[in-house]
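Asks: any chance you can model this:
(chains A and B)
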Amino acid sequence: MKQLSTKVTSNAHGQDSSYFLGWEEYEKNPYDEIKNPNGIIQMGLAENQLCFDLIETWLAKNPDAAGLKKDGQSIFKELALFQDYHGLPEFKKALAEFMEEIRGNRVTFDPSKIVLAAGSTSANETLMFCLAEPGDAFLLPTPYYPGFDRDLKWRTGAEIVPIHCSSSNGFQITESALQQAYQQAQKLDLKVKGVLVTNPSNPLGTMLTRRELNLLVDFITSKNIHLISDEIYSGTVFGFEQFVSVMDVLKDKKLENSEVSKRVHVVYSLSKDLGLPGFRVGAIYSNDEMVVSAATKMSSFGLVSSQTQYLLSALLSDKKFTGTYLNENQKRLKIRQKQLVSGLEAAGVTCLKSNAGLFCWVDMRHLLDTNTFEAELELWKKIVYEVKLNISPGSSCHCTEPGWFRVCFANMSEETLDLAMKRLKEYVESTDSRRLISKSSHERIKSLRKRTVSNWVFRVSWTDRVPDER
Amino acid sequence: MVALTAEKQDHNLLSRMAAGDGHGENSAYFDGWKAYEENPFHPIDRPDGVIQMGLAENQLCGDLMRKWVLEHPEASICTAEGVNQFSDIAIFQDYHGLPEFRQAVAKFMEKTRNNKVKFDPDRIVMSGGATGAHETVAFCLANPGDGFLVPTPYYPGFDRDLRWRTGVNLVPVTCHSSNGFKITVEALDAAYENARVPVKGLLITNPSNPLGTTLDRDCLKSLVKFTNDKGIHLIADEIYAATTFGESEFISVAEVIEEIPDCNRDLIHIVYSLSKDMGLPGLRIGIIYSYNNRVVQIARKMSSFGLVSSQTQHLIAKMLSDKDFVDEFIRKSKLRLAERHAELTTGLDGLGIGWLKAGAGLFIWMDLRNLLKTATFDSEMELWRVIVHKVKLNVSPGGSCHCHEPGWFRVCFANMDHQTMETALERIRVFTSQIEEESLKLTKQMAKKKKCWQSSLRLSFKDTRRFEEGFFSPHSPVPPSPLVRAQI
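Replies: I've put the predicted structure just below:
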């Protein structure tokens, strides 16, 4: 259709991918405890629904903020008119302090370097517009969040070149993988403008180690390119390890006011940590004045609603609340993750050891008929249509190895998660028994051994991992 | 890849888009804003500050809005009355938007078009204000290098919204004061034929910014026919739909296409927002309404880059569903706009200052051509600097709106109270009497060839050569549409 742009007529929005198709299936037949107990359980949505009660309690105690008032007087009129793309100063200040708190107050964030955006979707796209020309490339470690294909490439014309990570080392980024990706871009005649990482990782749920962060900073220094660190899950880290931000590493390397630091940009949002995706609160943090200036002007295309800014500035300025919230959020996430991991284990399924995010990276390679993406898609379809769980297949996240799936745990009740695990267990057991019946006894034993060994090797390989430096 | 040298680093590290001027804010016209920001008027704290008359905001009914919000705590998801919905709304990021929000907006759009046309809630697509809506529409309808026809003068923000990140060009359709800046078929044809880029559409703002005029039915029909015949899109920015007052009538393109049986509706799109009609620019409520299913589908996916906060969607859904409130609000808003407009125009009439007869928008299109030393934009700029820095009024010069003729200024009136308007008029009174005095002096001194500080300014307003009687008089009839003859 010549009358529309190629952006419309192509599929570059990426929404024909299986990641989004699973969502569509879910929407046709969504699980409801009472109304639709046989419906599809949504485990493909990385939402944090565990701590609304904390926010609701805060609202009840803070009627002024809740009622868009200041000192008892309605300020609705003023908020309704406030469209300054610099944002509400008190909101940016509170946001900067919240980001510092998440990082144990080890690093500082200057509110004047924050640019607000309509969610991290908009923040990431805006950064691309600022840093890349159409046809330029960013390197992204695989597997990565499927939405990046749309957010980073669709309207910007930028390209993504994958940094291939493998299960052999827990999907960590290696120097050789980085170099290979860089060379691949050159072969494709693409100018590499930077690297984008999500830390903690979506879909892995792991944090980048200090070694990886150092590697990345060294790499961008040597290549004179940018590093975008999407730290949208920074407040979801549970377990004993602390979250290490790229900002920590810049500080440790004494690069805070260096030229390199101008090429390191952080993306943040309140959608995951606070569970408020509907409010569309995203942010870019950059040490480069020109980026801040250009991105601020671009934010006109997606400002944060002033009433939302006001509410959240009050919420995040309450340090007692933020401290309690972050602690409690982490506790509840840990418990829920453990419930998922145990449930998976009971079904004979393991996952990548993780301590962050709202999902687990689940290893279902042993359930594949063949070690192919076709088999992965076949398995995925069975899980969506027969087991009635919407989970995200690794291929939608550009994983190079078939058989991995992202399974979310923070967007449902304990009971629903229990039910999901029961369904999975039943499916796996029925699959096992079908396989056992159809194979010869020799093959049966061989395949059982293989699975057990691979699981054992996998677990062993984790304990042998180089411990993170503090 | 060769490592970049330090000198080249800065230029190449950022995109041309970020490093360049495409945002339009380096234009000299931003001086007015800067002057205001450095010294904003306040009746008590800064009585000599710059009065902001360059901001098209509707601040006249904020009290009604505030009262409604206070009386309806259930419309908030944060109050005791509404918090039971907090988690559902906070989680809601579906780019289709809350159904009740879309329904309420559709009904409001119908109301502001006198219920003469129906809007389908399923065609409503959200965006980050009309700013986001325009950019999204440009991304959907045009490829980089394509162009949109835009009648001049036009809203300066279009240069950024439609072009900056999209790579789309704007092709001006020149309109002249000789016929009240109406869009003529000749001008459209000329612009289309002479365009150096592939033309993909025509963008109109109706009611017009900066003119404040509305398009009549015949004119609209002609625009639909023009674009249909050429197979190009018609984008109607109707952001000022409910700001008509007095006898002015707003006719939407939605109404007109009902009267054209063979209209290709795939080419018709409306951009809307609640920023002007309801005075809520801070809440970022932009709407794309397209009759083209594919555009609706794709614009909806693009809306992920600028969804309306669910907290706001919820509030607006409740507010716009209150029929009595909406009726009262629109009624009062129009009355107050009419009053404030009359204050300004009566004041200007008394000073012999011309303005384009119009009955919509939040501004007037003021005629200061006879104050220009020469009919050039340099003179206009000089005059503007005097108005900003000496008279201390931030108004928008026609050149910033790409007006073909120098000497016109957009002056906003709906963003200030009565006292501030009085102060602004008083300053203009002082200014014009100073000009009168100076020009008398100049007449006396002309023989001695002495210059004064206002030598760049022309003789008094009473110079009838430029003062076209009848056209600018508040009692003159609206001239008939020159497009009538183009009617088939």
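Asks: which parts of the stretch 101-250 of chain A sit against chain B?
Replies: A:118-119, A:121-122, A:125, A:129-134, A:136, A:150-151, A:154-155, A:186, A:191-192, A:223-224, A:226 (Cβ under 8 Å from any Cβ of the partner chain). Every residue, glycine included, has its C-beta placed from N, CA and C.
Asks: what subset of the residues you listed is buried?
Replies: A:118-119, A:121-122, A:125, A:129-134, A:136, A:150-151, A:154-155, A:192, A:223-224, A:226 (16 or more other Cβ atoms under 10 Å in any protein chain shown).
Asks: just the residues you listed: which are in helices?
Replies: A:119, A:121-122, A:125, A:129-131, A:223 (DSSP state H).
Asks: tabulate the residues you listed (a markdown table), appending pLDDT.
Replies: Formatted as a markdown table, those follow (pLDDT from 0 to 100):
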| residue | pLDDT |
| --- | --- |
| A:119 | 97 |
| A:121 | 97 |
| A:122 | 98 |
| A:125 | 98 |
| A:129 | 97 |
| A:130 | 97 |
| A:131 | 97 |
| A:223 | 97 |
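Asks: which element is the nearest residue to residue A:213 once chain neighbours are set aside on?
Replies: Leaving aside its chain neighbours, residue A:213 sits nearest to residue A:249 (4.4 Å; criterion: Cβ to Cβ, 6 or more residues apart in numbering or on different chains). For residue A:249, the host element (DSSP states H and E) is helix A:246-252.
Asks: centre of the chain to the helix or strand encompassing residue B:329, how far?
Replies: Assessed by DSSP H and E, residue B:329 sits inside helix B:323-350. How far helix B:323-350 lies from its chain's middle: 17 Å, per Cα atoms, centre = their mean, to the nearest Å.
Asks: next: stretch B:50-68.
Replies: With Cα atoms, centre = their mean, you get 15 Å for stretch B:50-68.
Asks: do the same with stretch B:278-294
Replies: 15 Å.
Asks: next one: stretch A:330-345
Replies: Worked out by Cα atoms, centre = their mean, stretch A:330-345 lies 18 Å from the chain centre.
Asks: picking up where we left off before, what's the closest of the ones in helices among the buried ones among the residues of the stretch 101-250 of chain A next to chain B to residue B:79?
Replies: residue A:119 (24.8 Å; Cβ to Cβ).
Asks: what's the weakest-modelled helix or strand in chain A?
Replies: Across the helices and strands of chain A, mean confidence by mean pLDDT, DSSP states H and E is lowest for helix A:441-463: a mean of 50.
Asks: show me what contacts residue 94?
Replies: As the question left the chain open, I've gone with chain A. A:312-317 (Cβ atoms under 8 Å, 6 or more residues apart in numbering or on different chains).
Asks: now intersect those residues with the helices, please.
Replies: Those of these lying in helices (DSSP H): A:312-317.
Asks: ok, residue A:88 - contacts?
Replies: Counted by Cβ under 8 Å, 6+ apart, residue A:88 has contacts A:82, A:306, A:309-310, A:313.
Asks: now do the same end-to-end measure for stretch A:75-93.
Replies: Its first and final residues considered, stretch A:75-93 spans 20 Å by Cα to Cα, to the nearest Å.
Asks: report the buried residues of it.
Replies: Those would be A:75-83, A:85, A:87-88, A:90-93, for stretch A:75-93 by 16+ other Cβ under 10 Å.
Asks: follow-up on the earlier one: can the very next helix or strand once past the helix holding residue A:249 be found next to chain B?
Replies: Moving toward the C-terminus from helix A:246-252, the next helix or strand (DSSP H and E) is strand A:264-269. No. Applying Cβ under 8 Å from any Cβ, one finds strand A:264-269 separated from chain B by no less than 11.0 Å.
Asks: who touches strand A:264-269?
Replies: Against strand A:264-269 from outside (Cβ under 8 Å, 6+ apart): A:95, A:99, A:119-120, A:123-124, A:127, A:131, A:217, A:220, A:226-232, A:234, A:245-247, A:250, A:281-288, A:291.
Asks: also stretch A:359-366?
Replies: Under Cβ under 8 Å, 6+ apart, the answer for stretch A:359-366 is A:46, A:143, A:167, A:171, A:202-206, A:337, A:340-341, A:344, A:348-352, A:354, A:371, A:379, A:391, A:401-410, A:450-451, A:454-455, A:458.
Asks: show me where pLDDT drops low in the stretch 1-150 of chain B?
Replies: For the stretch 1-150 of chain B, the stretches flagged by pLDDT under 70 are B:1-12.
Asks: just want the residue of the stretch 151-300 of chain B that's nearest chain A.
Replies: residue B:282 (3.4 Å; Cβ to the nearest Cβ).
Asks: whichever of the contacts of strand A:264-269 end up buried, select them in ChimeraX.
Replies: The following ChimeraX line selects those of the contacts of strand A:264-269 that are buried, judged by 16+ other Cβ under 10 Å:
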select /A:95,99,119,120,123,124,127,131,217,220,226,227,228,229,230,231,232,234,245,246,247,250,281,282,283,284,285,286,287,288,291
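Asks: coming back round to it: emit the ChimeraX select command for whichever of the ones in helices among the contacts of residue A:94 are buried.
Replies: Buried residues among these (16+ other Cβ under 10 Å), as a ChimeraX selection:
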select /A:312,313,314,315,316,317
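Asks: which residues does residue 393 form beta bridges with?
Replies: In the absence of a named chain, chain A is used. residue A:405 (DSSP bridges).
Asks: hmm, no, I was thinking of chain B.
Replies: residue B:51.
Asks: doesn't residue B:170 fall inside a strand?
Replies: Yes. With DSSP: H, G, I helix; E, B strand; the rest coil as the criterion, residue B:170 is part of a strand.
Asks: now the residue nearest to it when sequence neighbours are not counted: how far from residue B:232?
Replies: For residue B:170, ignoring the flanking residues on the chain, the nearest one in space by Cβ to Cβ, 6+ apart is residue B:150 at 5.1 Å. Residue B:150 sits 13 Å away from residue B:232, going by Cβ to Cβ, to the nearest Å.
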